[in-house]
Structure formats: C-alpha cells, structure tokens
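Engineer: next come a sequence and a model predicted from it.
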Amino acid sequence: MRVLAIVPAYNEEGNIDQVVKSIRRAQPEIDIVVVNDGSSDGTSRLARRAGATVLDLPVNLGIGGAVQTGYKYAEVHGYDVAVQIDGDGQHDPRDVTRLLEVLARGEADMVIGSRFVTDTGYQPPLDRKVGMKIFSFLISKIIRQPIRDTTSGYRAVNRRVIGLFAREYPTDYPEVEVLVLLHRYGFRIKEVPVTMAYRQSGSSSITLWRSIYYVAKVLLAILVMLTRPRTGSVFHEF
C-alpha cells in the first residue's frame, strides 16, 4: 500500500523542518509532499532540506487549494492512501498508524483523527469551541452519524476519495464541507482518537472575527451544497 502524507504549509518556517522529520521518524515507509502555499518565508527551502517533496504554489490559494493540490499529486502518482497532516506541528505522526489500520480493514473511506472521541485534554479557545459544537451538531444531523471533530485537519482517505478530492474540493474552509460532500456520494466516515499538541512556533491565522466569518461562510456553503444536484455516481466515475 503506497501512502502519501500531504502537508499544507503557509509561512511555517518555524515548524516545517520538525514536522517533516517527525513524520520520517514515525512513518519511514510513507512519502511526504509539502504544499507550500505561497509562503514568503523559508518554508519551501526548509521542507526540501528535511527531505520532503515540495510543491510551490505561485500565490496563496488558501487551505482548500493547497490540500487539493496534494490530492491531485496523489492521484497522478498512483497513491493508494493520502494522509493530511498540518504543517504547524500540532499533529502527532505516530497516530497515522491508527488511521491507516481503519482504512486497511475496509471500515471507512475517510478516517478523521479526532481530538474529542476521548478526553485528550485539548482545549480550544472559547470562540472556536462554540463553532466546533455548532458544526458537530449540524453535520451529525445531516449525515446521520455522530461526528465530534468536524474541523480536524488530520485525515486519511483511500484511493476512491483521492480521485474525488482531486476533482471536487471546497476552497476556503474545506474540513466541514467535505463531510457533507462524502455523505452525498455514499462514502463512509469514521473517527479515531488522536492527540494534538499546541503550536510550537508562529501563531494561528484564526481570530475572533475570522471565526465568526468561518461559521457563517461554512453554514452558507453547506446550504448551497445540499440544494445543488449531485453530478453523478462517484462509484462509476472513480
């Protein structure tokens, strides 16, 4: 089974070296592609020096565009599984094994590394916590299964989902929207517990006002997605 780690990164020169090296140590058998999303710092150079393949985007496309670039790379190069790992060092790559085991057993098409399936001690800021609760309630109702961590960027998908995401992927804040997308195409989703560290260097781009905008924008995007006709059977297309 060929596995690719997709690491989107924007101005992560303080973290990316250790992120790539920690993936190498924990999962030496998987390949790593860092999608440098128009960074203005040394992210690209440091990722290459650490041993990753680097895709340099000429402009900042945002998280959706960066991640989809990784999925397109995975499809073109014939990977069986793709794992998303954030470039800020908050995801423990040792947990990749848990995600891969679920896919290998055929229990799901996407596996989410969840901070909230069990009590890991992770406590997000209050504004983000409220947004997470709203998304969890709404998505669980829409897809008719409980999803506790809808905004986790730690995910693994199989080849069929790679094919879908290479062609259709939300642009701005995709984590929540893709859950509805997968449900509409009949894919199975499962959560497994993972640990999450706090950012070691730099700061998150998410502020209070961006959090409010995020919630409003995603709710609107989900409404549009639910009213849009499906474009065909993914089982025949991919």
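Structural biologist: Now that the structure is in, tell me what you want to look at.

Engineer: what's the pLDDT at residue 223?
Structural biologist: At residue 223, the model reports a pLDDT of 78.

Engineer: what about it, which SS state?
Structural biologist: Three-state assignment for residue 223 (DSSP: H, G, I helix; E, B strand; the rest coil): helix.

Engineer: repeat for residue 28
Structural biologist: coil.

Engineer: please enumerate the helices of the chain.
Structural biologist: Ranges of helices in the chain, per DSSP state H, are 16-26, 43-50, 62-76, 96-104, 126-143, 159-167, 174-184, 208-227, 234-237.

Engineer: between the ones you listed, which gets nearest to residue 88?
Structural biologist: helix 16-26 (7.6 Å; C-beta to C-beta). No exception for glycine: its C-beta is placed from N, CA and C like everyone else's.

Engineer: and that closest one, what does it pack onto?
Structural biologist: strand 3-9, strand 31-36, helix 43-50 (3 or more C-beta pairs under 8 Å, 6 or more residues apart in numbering; DSSP states H and E).

Engineer: and the last one, what does it pack onto?
Structural biologist: The helices and strands touching helix 43-50, judged by 3+ C-beta pairs under 8 Å, 6+ apart, are strand 3-9, helix 16-26, strand 31-36, strand 53-56.

Engineer: what residues sit buried inside that helix?
Structural biologist: 43, 44, 46, 47, 48, 50 (16 or more other C-beta atoms under 10 Å).

Engineer: hang on, the earlier thing: and of the helices and strands packed on helix 43-50, who's closest to residue 132?
Structural biologist: strand 3-9 (19.9 Å).

Engineer: in terms of secondary structure, what does that closest one contact?
Structural biologist: helix 16-26, strand 31-36, helix 43-50, helix 62-76, strand 81-84.
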